[in-house]
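Colleague: Coordinates for the following, if possible.
(one chain, ligands or ions: 1)
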Amino acid sequence: MTHPIHEVLQRIDVADHPAAVAIGNTWQVGSGETLTAISPIDGSTLVRLPQATHSDVHLAVETSKNAFVHWRQVPAPRRGEFVRLLGEALRKHKADLAAIVSWEAGKITQEALGEVQEMIDICDFAVGLSRQLYGKTIASERPGHRLMEQWQPLGPVGVISAFNFPVAVWSWNTMLAFVCGDTIVWKPSEKTPLCAIACQQIVNQVAHDFPETPDGISSLLIGGAEVGKALAAHPDLPLISATGSVPMGRAVAETVARRLGRSLLELGGNNAMIVTESADLEMTVRSALFSAVGTCGQRCTSLRRLIVHESIAEKLLTALKKAYQKLPIGNPLDEGTLVGPLVDQRALDAMQQALRTAEEQGGTVHFGNPILADIPAGGSYVHPAIVEMPDQTEIVQQETFAPILYVMRYQHLEEAIEMHNAVPQGLSSAIMTNDIRQAEQFLSPAGSDCGIANVNVGPSGAEIGGAFGGEKETGGGRESGSDAWKIYMRRATNTINYSTELPLAQGIKFDL
Ligand code: NAD
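Modeller: Numbers count the residues shown, from 1 in each chain. As a prediction, this is how the structure comes out:
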């Protein structure tokens, strides 16, 4: 019997036997080891395909380099028009792409649709940006001179992405890179190859009908860490954008730094919410729940630490436990499900190990057990956990990529902020409070040290209009909105002398 995903793939015109390598418009069967993609929903096999090899990496980069030479000359607003058409194609295929995301990453349908909507939103953002790649004109200190800066296309960009946002992360990078005049070589997560094949196919279709797009504007290399390593090491990719775990980011950063390339790193988070004594408890429960159990705790911005004022801790815990008790957990494709599966058995084992360690470190675990009944057989389903901790022990300082919410208590806000910042990661953060002084303290230089800091909004669910990313071990990169586009371009400072004099720097005069 054919898998239901094949019908979806055919609507995007992906052939019956998808290939792991696309060098521009040309699909090629990889010649590396066979990769098998398994659905987190029920353990079914979605696809088997031979992976890309090192020689595919070289060919893709070479093709991307050649395409860049043409694409950089296309006026930016025309590049924006291409991205506008990509946005239209994504709108057309929204439901199909979302279905592939659900099958491969295990997201509930609403979250998968939301992820595709983020792709569409970044297209809209990038279209506007294509007419706003502004440089500055700077007052020159020399008479008859003009000083200015221009933002120029950078080159072919390597994108390495994680399984949990299998299409949005690619889109955040690619749409900005395209309007900036760059070309893309993408290595997606080996857990989500069909999402990537579908996206590449959509680009190919739109590019086919757009006169200015060179073949090779976008290439795809499906494979594991080895393919990612080869991409990071390639001297012809001036920028590597890598999204994933901290160990992966550290490896990529070292490789790219050795060749003095540029890296944009979007790595793990250990996001917290401080709940002060004046917080609206109903709002707190809703936003904590959404942030902690959404995508089964597998978002980089998932809420992992709740730091609660001792005066309201019992009340909040009681309300949260009540909400956790009745979470609709199960098949992510079923209407009404709010918590789908973990990505695989390894993730489930890591969660159970973290819960045991938390207990050893003095924690009290509520829920967190694997679910075996009323779920599709073959998937790794768990009840999200709440763990009351006596303090922020070693296990709390790690990112376990699963739905574990550690709860700690505090007496004074300074102490809460100190605890908040005392972890190696620095992605997203929140304070729930009705006290403006406390809110401002949290946002001040002495407050949250994260790339994202929210007031009365949980840490999860960023808008594409803002720059997205975090500090410390999260890697320091920024993607998506605001001025994140600048990393995809090179800044050229230009001086133009329109006088008949040549005043030399430092007053130097040559006697000629
Ligand atoms: P992962 O690190 O296992 O894999 C991510 C990607 O890196 C994959 O494509 C993988 O093949 C590749 N890779 C692995 N080792 C590599 C190496 N040495 N060199 C080059 N490439 C390599 O991560 P994952 O399990 O897919 O995703 C979960 C992690 O990603 C979590 O830590 C999560 O917080 C993080 N994440 C961060 C963001 C963000 O924006 N900050 C977004 C999504 C996910």
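
Colleague: How about residues contacting the host helix or strand of residue 184?
Modeller: Using DSSP states H and E, residue 184 maps to strand 183-187. For strand 183-187, contacts defined as Cβ atoms under 8 Å, 6 or more residues apart in numbering pick out 52, 57, 60-61, 64-65, 67-68, 71, 155-161, 170, 173-174, 177-178, 196, 200, 214, 216-223, 227-228, 231, 237. To be clear about C-beta, it is placed using only N, CA and C from the backbone, and glycine gets the same treatment.

Colleague: Same check on stretch 421-428?
Modeller: Stretch 421-428 has contacts (Cβ under 8 Å, 6+ apart) with 246, 267-272, 300-301, 305, 392, 396-397, 399, 448-454, 459-460, 462, 469-474.

Colleague: Could you do stretch 104-113 as well?
Modeller: 37, 39-41, 46, 94-95, 97-99, 101-102, 115, 163-164, 166, 191-195, 294-296, 332-333, 335, 337-343, 379.

Colleague: repeat for stretch 483-493
Modeller: Contact with stretch 483-493 is made by 129, 133, 135, 147-154, 157, 173, 176-177, 179-182, 238-239, 262, 264, 467-469, 477-478, as judged by Cβ under 8 Å, 6+ apart.

Colleague: would you list every one of the helices in the chain?
Modeller: For the chain, the helices defined by DSSP state H occupy 4-11, 54-71, 76-92, 94-105, 109-129, 168-179, 193-208, 225-233, 246-258, 281-293, 313-325, 345-360, 413-421, 436-443.

Colleague: just these: most buried one?
Modeller: Per-stretch averages of neighbours, counted by mean count of other Cβ atoms under 10 Å, single out helix 168-179 among those, with a mean of 28.

Colleague: Can you check what angle separates it from helix 193-208?
Modeller: Counting by axes from the mean of the first three to the mean of the last three Cα atoms, to 10 degrees, helix 168-179 lies at 20 degrees to helix 193-208.

Colleague: tell me the angle helix 168-179 makes with helix 94-105.
Modeller: Put simply, helix 168-179 runs at 130 degrees to helix 94-105, going by the same axes, to 10 degrees.

Colleague: Show me how far helix 168-179 is from its chain's centre.
Modeller: Centroid separation for helix 168-179 versus its chain: 11 Å, with Cα atoms, centre = their mean, to the nearest Å.

Colleague: list the helices and strands that helix packs on?
Modeller: Applying 3 or more Cβ pairs under 8 Å, 6 or more residues apart in numbering; DSSP states H and E, we find helix 168-179 packed against helix 76-92, helix 109-129, strand 156-160, strand 183-187, helix 193-208, strand 479-480.

Colleague: any idea how far the residue nearest the centre of the chain lies from residue 382?
Modeller: When Cα atoms, centre = their mean is applied to the chain, the residue found nearest the centroid is residue 169 (4.4 Å). Residue 169 is 24 Å from residue 382, where distance means Cβ to Cβ, to the nearest Å.

Colleague: and if you look at residue 299?
Modeller: On the measure of Cβ to Cβ, residue 299 and residue 382 end up 16 Å apart.

Colleague: swap in residue 25?
Modeller: 42 Å.

Colleague: And these two? Which one has more around it.
Modeller: residue 382 (25 against 18; other Cβ atoms under 10 Å).

Colleague: which residues touch that one?
Modeller: Residue 382 touches 296, 329, 342, 348, 351, 368-371, 402-403, counting by Cβ under 8 Å, 6+ apart.

Colleague: out of these, which is most surrounded?
Modeller: Counting by other Cβ under 10 Å, top hit in the contacts of residue 382: residue 296 with 30 neighbours.

Colleague: and that one, what does it touch?
Modeller: Applying Cβ under 8 Å, 6+ apart, the residues contacting residue 296 are 106, 339-342, 382, 384, 402-403.

Colleague: try 6 Å
Modeller: 339-340, 342, 403 (Cβ atoms under 6 Å, 6 or more residues apart in numbering).

Colleague: Now pLDDT too, for those residues, in CSV please.
Modeller: Shown next, in CSV, are those (pLDDT from 0 to 100):
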residue, pLDDT
339, 98
340, 98
342, 98
403, 98
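
Colleague: Out of these, which is nearest to residue 320?
Modeller: Distances from residue 320 to these, taken as Cβ to Cβ, are shortest for residue 403 (12.5 Å).

Colleague: Provide the backbone phi and psi angles at that closest one.
Modeller: The phi/psi pair for residue 403 (degrees, to the nearest 10) reads phi -80, psi 80.
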